[in-house]
Structures are given as C-alpha cells and as structure tokens.
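**Q** starting from these lines, generate the structure:
(chains A, B, C and D)
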There are 2 protein chains.
Amino acid sequence: MAKRILNNYFHSLFPIEKEIVQNITKTFKYFQLDKNTILLAKNKISTKTYFLEHGYMRSYILNEDNEEITTNIYTAPCFVNDFLSFFKQQPTKETYQTLSDCSFWETSLENVQTNFHNLPEFREFSRLLFVINYSKLNDRMIEMVSQKAETRYLNLLKQNPHIFQNVSLKIIASYLGITDSSLSRIRKNVSKM
Amino acid sequence: MAKRILNNYFHSLFPIEKEIVQNITKTFKYFQLDKNTILLAKNKISTKTYFLEHGYMRSYILNEDNEEITTNIYTAPCFVNDFLSFFKQQPTKETYQTLSDCSFWETSLENVQTNFHNLPEFREFSRLLFVINYSKLNDRMIEMVSQKAETRYLNLLKQNPHIFQNVSLKIIASYLGITDSSLSRIRKNVSKM
DNA sequence: GTAATTTCTTGTCATTTGTCAAGTGCTGAT
DNA sequence: ATCAGCACTTGACAAATGACAAGAAATTAC
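**A** This is a model prediction of the structure:
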C-alpha cells in the first residue's frame, strides 16, 4: 500500500522535508478493519498510534446508566490516539470503534519514542498535533457550555457535513450531548426554516 | 522569593532529579498581581509560560451576546498556559484574569524552547503536563455532555471545595455552563436534601 | 424474499434550565 | 455615614430538552 495519504498529512500540517517524513513513516504498517469493529477497547492500554487513512470512527464511554456517550467522531485522514493511555501507558476509559470500513497505518510506542528523541522535526510535529487536538477539544467544550443544541447541530453540519451521510443520527446526537429524539426534532425545525 | 513551591511541583508530577529541576527553573522570574487583574488579554500573543504559586485565576471568552463564559478556573499551585497561543504564537481567544491576589513565576518561550531541546526530562515533563491537561479537559467535556447541572455542581463541590470560598457564584455558574439563577436554585435544592 | 433488527420520527407529558424583574444584604469609595 | 454597585436569591413564566412509547422506514440476516 502506498503511504501517499499518510505522508501528505505531515506536509499538510507544517513544512517538513520529504526525506524526514519518509524516515518517520517507514515503520508504519498498513491494516484494515470492517465496519463496527473495536480498534481499542476500554481498560486496554494503547500500545500503538493509529493514522486513519480512509473511513469513519468514533470513541465513546459508558455513563452510569450504561449509555454510550460518543466523545469524538473521526473523519479520515487523521490520527486517532488515546494520548493519555498511549503516553502514560495506562488503561483507556474510552472505546474506539469503526463506523465504516476503515484503513489504517499504525506504529508502536517504541518507534514514536525513538523518533521523538532523534528527530526535532518529529517533536515539532507531535507538539503541533497535540496543540491542535487540545484546541479542538477546548473549542468543543466552549460550544457545549455556551450554545444551545440547535446551534451545535448547525455548526457540525457546516463543518463536517460528510458525517451525516456516514454516521447514524443516534451517534451524532450523543456527540452533540442530546437524545436522538431531540436531534430529530431539531432537524425537523431547521428544515422548516 | 524562594522557588520551593515551583520546584516541588515538578517533583510532584514525576520523578526527576533536584539538579535538573533547578536547572529548568533558574530562568523563572517572580511577580505578583492584585485581584481582578488581566494576566493575558484576548487577541494578545502569549510569550510567557506562567506558574501560579498562590491564588485563584480564571480564563474566559465572550460569546455572541458578549457574556463572559468561564472556560477554566485555576487553583494554585499549577501552570497557567494558553497552549495554542504560546506554542503557535497566535492571538489567544481567551482572557486570563486573577480572581484573588496572586503570585507567579514566569519564563519566556525562548527559555522553554531551549529547555525543550536540551533536556529530555523537560520534554517528558512538558508532554506529561500537556497530557494531564488534555485529559482533564476531556473529562470536563464528557461531564458537560453526559451529566445534568446538579451533578456537575456536586462534582465540583467535591473536587474543588475551596473555590466556593474564593470565587463568585456567578463565575462558577458560567464555568458549569448554567446561569447564576439556576446555580442558586440548585444550591437551594441540594441544601434541602 | 421475508423476517428481524435497527434507525428515525413523532406524540405526550415531565423535568430542567433560561429569562426577566424585583428584593435583600454586603462591600467599598468618598 | 451614605450611597452606589455587586453578589446572591427568589418568583413567575417561557423555552429547551428528556423520557417513554408507538409506528414508519431502512437495513441486515438468513
């Protein structure tokens, strides 16, 4: 499998030499998963870092009533990592599941550590990836506390329209922090306007 | 001013040699701010990293109705950073304000960069700090989407009772994503039980 | 192709939270 | 000492969202 998409992802984030990217990605291995497969289960320790090349994924937790709360929806191409589990080598609280047939590139914690210590460019890249993820999470949190469900729905529809063709409304609803009934009503309202 | 609290903070996070910590913190400068002072204003670029030694702070944004939404409440001792602004050198969306008289240690981006490149232990520390912050933010986000206001209030009261003695209920309410009226009613309800 | 399952919508009603306005009590400036 | 402003509470009502159940539509399994 060609690593074109993986390599391009590095270039899209910040300026970096082709040779360095190839050096970083040479340890990445390709694999595929069918729809509705668990990539990383709750309570497991993440030992790999994953790049989602094609497809859709989500992470979710179970609340006290054993309902699945979708914490994130991933649209390829992107990295899919449980930072806490991966870097602190502790069990994850979340479950990572494919929402469509997916293709991935993975590499081990050891390879990441090696690159991190040997390649300043990889450190820059990792830091940037961290910061971008942190920032997205912060934006999402601000959205959750300061905007009503309809606004959050409209923002998601605008920023990520594809997921509405590929992810069930029930999952999107739990990502928005509402029930599927409420989302259904909001969609009805919006379509009337 | 003695750097005891600052130095101890490093040791409390992970095992690290005393000499290395002293090497890291030798460039930190001490300063104080009165209550209700802006540490870092919206649209400014953060050029310093701050360690809050004593006191309480918050960060907030303005929503479309120009209401202040508290994004974070900081209880000393802790680092107070706008990661995105600091590491990408771009304007911050948030304003950082003291909620009590505060004392700080600060150092420049250049010093952080130098330490980051020269000291593997500092890289580890930074990564850990980042992962911890990311994880806290993720937990908060999950709480916001999956629990009702009363539960969020009770959790905050349990995890951080001090802030109720030091931060106004209006600010705490906006941190919890509700109005001050609602928080007042919730408190009344809870006290009845 | 048919049955089973899942997804999505909708109705009814309850609960939570917001909005606005008023009132009380505290604090700080002069 | 007084006044202005702020923090907090409360009441009345409105809006948003949830809970539950039923049914329609789409998808999946066999």
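
**Q** the residue most central in space within chain A: which element?
**A** Chain A has A:Y74 as the residue nearest its centroid, 3.7 Å off, counting by C-alpha atoms, centre = their mean. With secondary structure defined by DSSP states H and E, A:Y74 is part of strand A:68-75.

**Q** roughly how far apart are A:E68 and DNA strand C?
**A** Remark: distance between A:E68 and DNA strand C (C-beta to the nearest atom of the strand, to the nearest Å) = 10 Å. Where you see a C-beta, it was placed from the backbone N, CA and C, and this is true even at glycine.

**Q** tell me the strands beside the helix or strand that the strand holding A:Y74 is followed by, with direction?
**A** Next helix or strand after strand A:68-75 toward the C-terminus (DSSP H and E): strand A:78-80. Applying DSSP bridges to the sheet, strand A:78-80 is found paired with strand A:48-54 (antiparallel).

**Q** pLDDT on the first helix or strand past the partner strand going along the chain, on average?
**A** Toward the C-terminus, strand A:48-54 is succeeded by strand A:56-62 as the next helix or strand (DSSP H and E). Average pLDDT, strand A:56-62: 94.

**Q** quick one: contacts for A:L154?
**A** If you count contacts by C-beta atoms under 8 Å, 6 or more residues apart in numbering or on different chains, A:L154 has them with A:V190.

**Q** go with 10 Å
**A** The neighbourhood of A:L154, defined by C-beta atoms under 10 Å, 6 or more residues apart in numbering or on different chains, consists of A:147, A:186, A:190.

**Q** domain ranges for chain A?
**A** Segmentation of chain A into domains, based on automatic domain parsing, reads A:4-146, A:147-193.

**Q** JSON lines for the ones you listed, including distance to B:A173?
**A** Below are the domains of chain A laid out as JSON lines (distance: least, C-beta to C-beta, whole Å):
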{"stretch": "domain A:4-146", "distance to B:A173": "11"}
{"stretch": "domain A:147-193", "distance to B:A173": "16"}
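
**Q** right, and those - which one's nearest DNA strand D?
**A** For those, distance to DNA strand D was read as C-beta to the nearest atom of the strand. The smallest value, 3.1 Å, belongs to domain A:147-193.

**Q** any part of that closest one near DNA strand D?
**A** Yes: Domain A:147-193 lies within reach of DNA strand D by C-beta under 7 Å from any atom of the strand, at A:148-150, A:177-179, A:181-182, A:185-186.

**Q** what average pLDDT does the longest helix along chain A get?
**A** The residue-count maximum for a helix in chain A (DSSP state H) belongs to helix A:120-146. Predicted confidence along helix A:120-146 averages 91 (mean pLDDT).

**Q** check contacts around A:A2.
**A** When contacts are counted by C-beta under 10 Å, 6+ apart, A:A2 is found next to A:Y30.

**Q** change it to 8 Å
**A** Taking C-beta under 8 Å, 6+ apart as the test, A:A2 contacts no residue whatsoever.

**Q** that one sits in which helix or strand?
**A** Using DSSP H and E, A:A2 maps to neither a helix nor a strand.

**Q** in which helix or strand would I find A:L39?
**A** Here A:L39 is covered by strand A:38-40, with elements defined by DSSP H and E.

**Q** would that strand count as contacting chain B?
**A** No: for strand A:38-40, no contact with chain B is found by C-beta under 8 Å from any C-beta of the partner chain; the gap never falls below 15.0 Å.

**Q** residues of that strand that come out buried?
**A** By neighbour count, and taking 16 or more other C-beta atoms under 10 Å in any protein chain shown as the criterion, the buried residues in strand A:38-40 are A:39-40.

**Q** stretch A:2-11 now?
**A** Across stretch A:2-11, burial judged by 16+ other C-beta under 10 Å covers A:3, A:5-7, A:9-10.

**Q** over to stretch A:56-75?
**A** Residues of stretch A:56-75 classed as buried by neighbour count (16+ other C-beta under 10 Å): A:56-61, A:69-74.
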